[in-house]
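Asker: From the sequence below, what's the structure:
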Amino acid sequence: MPYWFGDGLGTGKTLESIELDQRWYQEWYDNGGKGIWRTLVVAPLNTFSSWQDKYAKQAPDVKLVTIDRKKREAFIKAVQKGHGDVFLCHWDALRLMPELQKMQFNVVIADEVHRISNRKVQTTRALKKIPAHHKIAMSGTASGDKPENLWSVLNWLYPKYYSSYWRFRNHYCLEEMTYDASGRGYRKI
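Answerer: Model prediction:
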């Protein structure tokens, strides 16, 4: 089940995401809790302390494992063996840890999800390959200044509905021909 929090800075996106993660965990636990519960949080490095503080206050019983940039192998092993409940890693690590694509996550939380707005980069492709029952996208600027970049985030959240970039672009974006001073034309969305 996908969720998108597109609120501005300081409006509680992190707290809302943690609350949803905890509710889904409780639902899973109440229904027998088969297997290992895994939540993956992908966030910018400069937000790690905020995630750690907020999980400590809001869900103190959760074991949060934070990636050490120099010891990715230890992080991967912790995820594989379920030595934690929530696993916090940074965006650049995704493309360097293809092992995550072979593990099932209950929840994947993408903080500053606009980082996958370019559908062609390795980080975007890596995130889209990680299997998850629930997905949460967080951003105050999901598409930046280009409306066509919104497709990649929507494709991650709703891959069956937003399966084609070109169909999305043709349906939701207007293009016009614009000419520069020399008379050369180009398309502007």
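Asker: Report the distance from the helix of greatest length in the chain to the chain centre.
Answerer: Ordering each helix of the chain by length in residues (DSSP state H) puts helix 13-30 first. Computed by C-alpha atoms, centre = their mean, to the nearest Å, the chain-centroid distance of helix 13-30 equals 16 Å.
Asker: Kindly export whichever helix or strand comes after that helix (C-alpha atoms) in CSV.
Answerer: Counting by DSSP states H and E, the next helix or strand C-terminal to helix 13-30 is strand 39-43. Output in CSV follows, covering the C-alpha atoms of strand 39-43 (Å, rounded to 0.1, in the frame of the first residue of the first chain):
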residue,chain,number,x,y,z
THR,A,39,11.5,-1.7,7.3
LEU,A,40,14.0,0.1,5.1
VAL,A,41,14.4,3.9,5.4
VAL,A,42,16.3,5.5,2.6
ALA,A,43,17.2,9.1,3.5
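Asker: what's strand 39-43 packed up against?
Answerer: Under the contact criterion of 3 or more C-beta pairs under 8 Å, 6 or more residues apart in numbering; DSSP states H and E, strand 39-43 touches helix 13-30, strand 86-90, helix 91-94, strand 105-111. Heads up, the C-betas are built off the backbone N, CA and C, glycines and all.
Asker: how close does the closest residue to Cys89 other than its chain neighbours sit to Met97?
Answerer: Nearest non-adjacent residue to Cys89, counting by C-beta to C-beta, 6 or more residues apart in numbering: Ile67, 4.2 Å away. Going from Ile67 to Met97 by C-beta to C-beta, to the nearest Å gives 9 Å.
Asker: list residues touching both of these two?
Answerer: With contacts defined as C-beta atoms under 8 Å, 6 or more residues apart in numbering, the residues shared by Ile67 and Met97 are Phe75, Cys89.
Asker: Between the two, which is the more surrounded one?
Answerer: Ile67 (20 against 17; other C-beta atoms under 10 Å).
Asker: how close does the more buried one get to Ala181?
Answerer: Using C-beta to C-beta, Ile67 is found at 49 Å from Ala181.
Asker: The closest residue in space to Val113 that isn't next to it in sequence: neighbour count?
Answerer: Spatially, and ignoring its direct neighbours in sequence, Val113 is nearest to Ala137 (4.1 Å; C-beta to C-beta, 6+ apart). A count of neighbours around Ala137, defined by other C-beta under 10 Å, yields 24.
Asker: Hmm, Val79 is touching Leu100, no?
Answerer: Yes. Judged on C-beta atoms under 8 Å, Val79 makes contact with Leu100 at a distance of 6.9 Å.
Asker: can you list residues touching both of the two?
Answerer: Shared contacts of Val79 and Leu100, defined by C-beta under 8 Å, 6+ apart, are found at Leu40.
Asker: that older thread, and the gap between the residue nearest to Cys89 and Arg23?
Answerer: 25 Å.
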